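>>> Sequence first, then the predicted structure, then my questions.
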Amino acid sequence: MAVSPIIIAAAVAVTAFLVFTYINAGPKPPKGSQLPPGPPGKLLIGNLADIPPLHSWLKFKEWGDKYVNRQICPCPLFRLNIAGREQYIVSSEKIANDLLRERGNIYSSREQLPAAVKLLSDDLRKLMHQLCKASAAATYQPTQILESTRMLYDLIKKPEEYEGWFERYSSGLIFRLGFGKVMKTNNDPLLKRLLTELHHVERVASPGQYLVDTFPVLMYLPDWLAPFKRELKGLHREELDIMRGLLHDVKREMEAGKAPECWEKTFVEGMGEYGLTEDQGAYVVGTLFEAGAGTTAAAMMSWVLGMVHHPEEMKKLQQEIDQVVDDARLPEFEDIPRLPRVRAVAKEILRWRPISAGGIPHFSTKNDIYNGMYIPAGTNMHPNQWAIHRDPALYPDPEAFKPERWLEPSWPTYKEPLTQYPNVTNYSAFGFGRRICPGMHIAERSLYIQIARIAWACNISKKRDANGKEFNVPLYDYCDGFNVQPNFFHFDLQVRSEQRWKVVEEAYQRGMENDPLKNRWDER
Ligand code: HEM
């Protein structure tokens with residue numbers, strides 16, 4: 001018997017209504033629990049249209065303040081729904097730690113967005129942590145000394161190119177550590193290719209950049225109907241090409257017996273032990289570059305911004321450094337335990353302008369209940385660092401840039417002894433639990449040594465134009481994208497004395513003469 005088209009149409013309409021109603025209602029919490037509060041969504045798309053494409057953490061903070069009334073709801077957590085997919089926003093460090101760290105067996109995955117490349121498996125992360133753990137990071141200090149001397153020398157000569165010098169420092173460091181290569185200038189063609197690729201990766205990995213991330217069913221469209229599939233395949237091929245190329249260079253050098261020590265060499269030598277394929281090894285080191293190149297540079301740019309706005313903090317920093325390091329030498333890593341303010345300033349910069357401001361989401365793999373709130377399996381948990389770092393209970397006067405909060409007993413974040421604290425161990429700026437940033441030990445050393453050296457050598461202040469009028473420097477004019485980085489701004493940088501400039505110049509010459517990769521300068 002043929003089914004009437006009217007019945008089919010009615011069945012489709014009822015099914016669609018039920019699906020839409022289900023999506024809109026959200027998951028059903030088990031008895032005794034409830035869904036967290038959140039802004040109401042629209043039919044089918046939920047909150048998709050309400051999330052701003054840029055700087056979404058600001059909106060998330062606003063929603064957090066609105067929907068999470070701590071008196072009524074004991075759990076600063078609110079819920080968004082994007083076309084049926086659950087997104088929970090965490091606005092407190094305690095909850096982020098309780099869930100993402102303490103319940104790490106549930107909250108340590110990442111959602112595989114259809115548009116993004118395959119994510120880091122546990123085996124791959126194991127190798128990353130081995131290459132970057134604290135004891136390994138300590139052995140990278142001589143390389144950080146060399147690259148920070150180059151950065152300082154060029155920064156003093158051409159301060160207006162500050163973005164390039166900070167980028168060359170952080171990419172150059174990982175170039176040496178990862179691939180045994182030198183980055184000569186901030187215009188190096190390979191660096192440009194890598195950074196272009198990095199920006200593509202960041203864009204592709206940002207949730208919601210592609211419609212297919214919201215509606216994964218689009219992945220089943222044939223290629224001719226889905227130009228995005230061709231684009232993504234091209235990007236992934238280019239990424240892997242670069243990573244393979246870098247690994248093959250090192251393998252060739254190993255065969256010729258002239259490969260310098262580097263992460264790629266460590267991987268090739270221990271390949272059997274790691275149980276990874278060549279492509280996976282190339283991907284591990286390539287990912288360390290991708291994740292490490294922009295982040296540290298962005299933090300340094302925010303530091304300069306902070307000093308331009310807070311000359312009194314720059315003075316205090318210089319006073320501390322001058323008590324420990326005289327006129328005759330640059331600050332070294334051995335000085336860092338006696339420079340708590342340098343560490344406090346670095347930590348405060350990462351609080352004030354967190355690099356991954358919206359946090360990198362962790363994906364839950366099991367149903368869970370926390371403080372009466374239901375968290376179904378398959379929820380993306382976003383630790384919104386912008387809000388976490390502005391929680392007035394932990395960070396009183398949160399908008400103010402106050403290194404004192406890490407240095408004086410009257411603040412809730414103070415810890416002693418000051419030879420050891422502040423440091424970045426378990427600091428929310430580097431994420432949570434098993435997914436915590438593997439590069440944090442390298443990153444913290446990079447920030448300390450660069451800040452100490454620039455403050456020792458230079459004065460930073462607001463710049464004036466030819467008529468003596470100060471350039472306006474906005475407090476928050478930050479670029480789009482994954483990593484939060486201030487857009488270009490004007491500032492004045494002057495060397496503190498001729499004597500200190502002489503010390504920098506001599507250290508630079510010495511560094512270049514003794515560079516263990518000296519023979520690489522003529523290559524490429
Ligand atoms: C100031 C500098 C840096 C900051 C603020 C930072 C911050 C972060 C954050 C917040 C995460 C996400 C953690 C989570 O999901 O809970 C992360 C992940 C990661 N970071 Fe960093 N990072 C920095 C520097 C570096 C450096 C220098 C490297 C490499 C040498 C690096 C490598 C990575 C990698 C590979 C991941 C992904 C880990 C995973 O998915 O398991 N980062 N970082």
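In hand now; what should we look at?
>>> Now do the strands for the chain: every range, in order, please.
Assignment of strands within the chain using DSSP state E yields the ranges 77-82, 85-90, 362-363, 368-370, 373-375, 380-383, 458-461, 492-495.
>>> quick one: stretch 366-377 to chain centroid distance?
Distance of stretch 366-377 from its chain centroid, counting by Cα atoms, centre = their mean, to the nearest Å, is 27 Å.
>>> Tell me which residues are up against that stretch.
When contacts are defined by Cβ atoms under 8 Å, 6 or more residues apart in numbering, stretch 366-377 is touched by residues 27, 29-30, 32-36, 74-75, 77, 86, 88, 95, 98-99, 103, 105-106, 364-365, 381. Heads up, the C-betas are built off the backbone N, CA and C, glycines and all.
>>> so can I have CSV of the strands of the chain showing distance to Glu197?
Rendered in CSV, the data for those read as follows (distance: least, Cβ to Cβ, whole Å):
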stretch, distance to Glu197
strand 77-82, 27
strand 85-90, 28
strand 362-363, 25
strand 368-370, 37
strand 373-375, 35
strand 380-383, 25
strand 458-461, 32
strand 492-495, 31
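>>> For these, give me a markdown table that also has distance to Asn47, mean neighbour count and mean pLDDT.
As requested, the strands of the chain are exported to a markdown table (distance: least, Cβ to Cβ, whole Å; neighbours: other Cβ atoms under 10 Å; pLDDT from 0 to 100):
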| stretch | distance to Asn47 | mean neighbour count | mean pLDDT |
| --- | --- | --- | --- |
| strand 77-82 | 4 | 23 | 90 |
| strand 85-90 | 8 | 24 | 92 |
| strand 362-363 | 18 | 22 | 94 |
| strand 368-370 | 21 | 15 | 96 |
| strand 373-375 | 17 | 23 | 95 |
| strand 380-383 | 12 | 23 | 94 |
| strand 458-461 | 42 | 19 | 97 |
| strand 492-495 | 44 | 16 | 98 |
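>>> The ligand contacts on the stretch 51-200 of the chain?
When proximity is defined by Cβ under 6 Å from any ligand atom, the stretch 51-200 of the chain lies next to the ligand at Leu120, Arg125, Met128, Cys132, Ile174.
>>> Out of those residues, flag the one nearest to Pro142.
Comparing these against Pro142 with Cβ to Cβ places Ile174 closest, at 15.0 Å.
>>> isn't the closest one right next to Ala293, touching?
Yes - distance between Ile174 and Ala293: 6.1 Å, which falls inside the contact criterion (Cβ atoms under 8 Å).
>>> okay, these two: which has more neighbours?
Legend: neighbour count by other Cβ atoms under 10 Å for Ile174 and Ala293, higher for Ile174 (27 against 24).
>>> biggest helix in the chain, by residue count?
In the chain, with assignment by DSSP state H, the single longest helix is helix 278-309.
>>> Report the mean per-residue pLDDT for that one.
Throughout helix 278-309, pLDDT has a mean value of 93.
>>> Can you list the buried residues in stretch 308-315?
By neighbour count, and taking 16 or more other Cβ atoms under 10 Å as the criterion, the buried residues in stretch 308-315 are Val308, His310, Glu313, Met314.
>>> Only C-alpha atoms, please: export that stretch in CSV.
What follows is stretch 308-315 as a C-alpha-only set of coordinates in CSV (Å, rounded to 0.1, in the frame of the first residue of the first chain):
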residue,chain,number,x,y,z
VAL,A,308,54.1,51.5,29.2
HIS,A,309,51.0,51.9,31.3
HIS,A,310,52.7,51.3,34.7
PRO,A,311,56.0,53.2,34.8
GLU,A,312,56.0,52.8,38.6
GLU,A,313,56.1,49.0,38.2
MET,A,314,59.0,49.3,35.7
LYS,A,315,60.9,51.3,38.3
